[in-house]
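Enquirer: Predicted coordinates and the sequence they were generated for:
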Amino acid sequence: MIEVVCGLIRDDAGRVLACRRPPGKHLGGLWEFPGGKVEPEEDAAAALIRELQEELGITVAIESGLTPVVWDYGRGLIRLIPFLCRIASGDLHPHEHDALEWVDAASCHRLEWAAADGPILAEWIATKRVPDDQGS
Ligand SMILES: Nc1nc2c([nH]c(=O)n2[C@H]2C[C@H](O)[C@@H](COP(=O)(O)OP(=O)(O)OP(=O)(O)O)O2)c(=O)[nH]1
């Protein structure tokens, strides 16, 4: 099982950052949450902080985890481990993606995502639907 972390980077408008994998790469042209493979002996949260620094030039603050997704693209099982996070410092400079887009719960469906991201998007959208003014 290959462990992969990914970050749902949130902004103040309730959007998350979608990143497009470049052509020629496995799943090229599809959208994903930035991240990558966890190194041996590495903690998942530390892996996410390292990957987002490498891929986007930002430091993130991790807020919480969502439910991991186990998937098989025919190259062996991966476990995709998602985290909600925010940019703590740095400006976005994509080093490994050919497009970036901030999407909300409605507009994210216009993009074609890597298949394993489907359940993560669904969970993120379901979480956002929980009213934060319950009882008031
Ligand atoms: N980072 C990231 N990877 C994802 C997502 N969804 C998804 O299916 N993946 C898959 C794509 C790859 O098969 C695997 C790891 O991605 P990666 O970005 O670290 O690795 P890579 O492209 O260098 O992979 P590879 O070509 O060396 O196999 O996880 C996602 O939202 N973010």
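Expert: That came through fine.

Enquirer: hmm, who's touching stretch 45-55?
Expert: The contact list for stretch 45-55, computed with C-beta atoms under 8 Å, 6 or more residues apart in numbering, reads 3, 5-7, 9, 19, 34-39, 42, 58-60, 62, 83, 85, 90, 94-97. C-beta: built from backbone N, CA, C; applies to glycine.

Enquirer: quick one: is that stretch near the ligand?
Expert: No. In terms of C-beta under 6 Å from any ligand atom, no part of stretch 45-55 sits within range of the ligand; the closest distance is 7.2 Å.

Enquirer: same check, this time on stretch 25-44
Expert: Yes. Using C-beta under 6 Å from any ligand atom, stretch 25-44 reaches the ligand at 25-27, 32-33, 35-37.

Enquirer: residues touching Arg21, list them.
Expert: So Arg21 contacts 27-32, 97-98, 114 (C-beta under 8 Å, 6+ apart).

Enquirer: Now the buried members of the residues of stretch 25-44 next to the ligand.
Expert: Neighbour-count burial (16 or more other C-beta atoms under 10 Å) is assigned, among the residues of stretch 25-44 next to the ligand, to 32-33, 35-36.
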